[in-house]
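Undergrad: Take a look and give me a structure for this.
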Amino acid sequence: MPEDAVLHTPGRSLVLWLAFLGAAALLGLLGYLLGFLGFVYNVMAPGAFSGYPAYVLAVMVGVAAFFSPCAFPLLPAYFAYAVGGSERSLLRSLRQGAIAAGGLLVVVLAVGAIIAALGAATPFQPDPRKEEVWIVAVRVAAGGGIALFGLLALLRRTGFAHRLASRFPRRRGEPPALPGGPTARGLFLYGLGYSGAGFGCTGPLLLALTLYAWTLGSPGAALATFGVFAATMALLMVGVTVLVGLARRGAIERLRAAGPRIQTLGGAVTLGVGAWTVYSVTAGSRLFAEVFFPFLGS
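TA: So this is what the prediction gives:
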């Protein structure tokens, strides 16, 4: 058997795809440990905000919010979705990332608007076991939407989603995508779902940053601090998407060889992650807090 045929066998392609998901999970875990927990233990808990310039602090909060335990478990699902599709250039990957970041920013701006309107009275709780009903509803809706993505990916094997997608033909000259490959609408919704699932964790972090920024005495400085925070989260989403695109460029033919399996397992991963998000907000909120918020105690 020729060497290229061996490299493109479905089994080896599946291993490569699983490596993508493992890298996503590792990235999210490291971001949670270093970004989220690092910020909580070293800055937020001791109240050491004044030890950092406001804009540096905004970057740190943006990283902590992006890799918060409410959101980072969705990274493997995002990788599973974004890795599909035709080979992309760096410019196209940047565009895809910008679209996903746009969805993310919709939720960030909503959180910022709530804090601006209510100030310290904003009902964001650092303890996920005490979240308001409406916050729980937002996170459940986000998790349910992610789960729906996974379900649709599984249903494509029956032809249902394929017929639905056929109503939106590709642009002229656009190469065919892998099954379940990313679309502009899908990327935007993934960004929306990623940030929506992290709503409960983003709110307390941004509230703490905003209250501190207000003490600087300038509304303009507070607004600029929020802008840096939002830009940090958006750039991280773009960066993750570009990483997926660059890794995919050298492996697209191998991934095509395992297309049906990628579609099935990708749907299962996405469905499972969405279901976990819903569970962690509802019946599993106590377990979720014990595992990912060790600083809160029992």
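Undergrad: packing partners for the helix or strand hosting Val61?
TA: Per DSSP states H and E, Val61 falls inside helix 54-66. The contact analysis (3 or more CB pairs under 8 Å, 6 or more residues apart in numbering; DSSP states H and E) places helix 54-66 against helix 38-39, helix 199-214, helix 219-249. The C-beta positions use only the backbone N, C-alpha and C, and glycine is treated the same way.
Undergrad: gap between that helix and the chain center?
TA: Distance of helix 54-66 from its chain centroid, counting by CA atoms, centre = their mean, to the nearest Å, is 16 Å.
Undergrad: swap in stretch 23-41?
TA: With CA atoms, centre = their mean, you get 13 Å for stretch 23-41.
Undergrad: Need the distance between the two termini of that stretch.
TA: 26 Å (CA to CA, to the nearest Å).
Undergrad: I'd like the average pLDDT over that stretch.
TA: Per-residue pLDDT over stretch 23-41 has a mean of 94.
Undergrad: Check stretch 201-214 too.
TA: 91.
Undergrad: Same check on stretch 219-233?
TA: For stretch 219-233, mean pLDDT is 92.
Undergrad: Equivalent analysis for stretch 72-81, please.
TA: Rounded mean pLDDT across stretch 72-81 is 86.
Undergrad: Using CSV, list the CA coordinates for it.
TA: Taking Å, rounded to 0.1, in the frame of the first residue of the first chain, the C-alpha atoms of stretch 72-81 are listed here in CSV:
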residue,chain,number,x,y,z
PHE,A,72,-14.0,26.3,28.6
PRO,A,73,-15.6,22.8,28.5
LEU,A,74,-17.2,24.0,25.2
LEU,A,75,-13.8,24.4,23.5
PRO,A,76,-13.6,20.7,22.3
ALA,A,77,-17.1,21.2,20.8
TYR,A,78,-16.0,24.3,19.0
PHE,A,79,-12.9,22.6,17.7
ALA,A,80,-15.0,19.7,16.5
TYR,A,81,-17.2,22.1,14.5
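Undergrad: what's whichever helix or strand comes after the helix holding Val61 packed up against?
TA: Using DSSP H and E, the helix or strand that follows helix 54-66 in sequence is helix 75-82. Applying 3+ CB pairs under 8 Å, 6+ apart, we find helix 75-82 packed against helix 10-30, helix 90-118, helix 133-155, helix 184-197, helix 219-249, helix 259-281.
Undergrad: wait, doesn't Leu21 sit right on Tyr78?
TA: No: between Leu21 and Tyr78 there is no contact under CB atoms under 8 Å: 10.3 Å.
Undergrad: Specify which residue of those two has the higher count of neighbours.
TA: Higher neighbour count among Leu21 and Tyr78: Tyr78, with 27 against 18, using other CB atoms under 10 Å.
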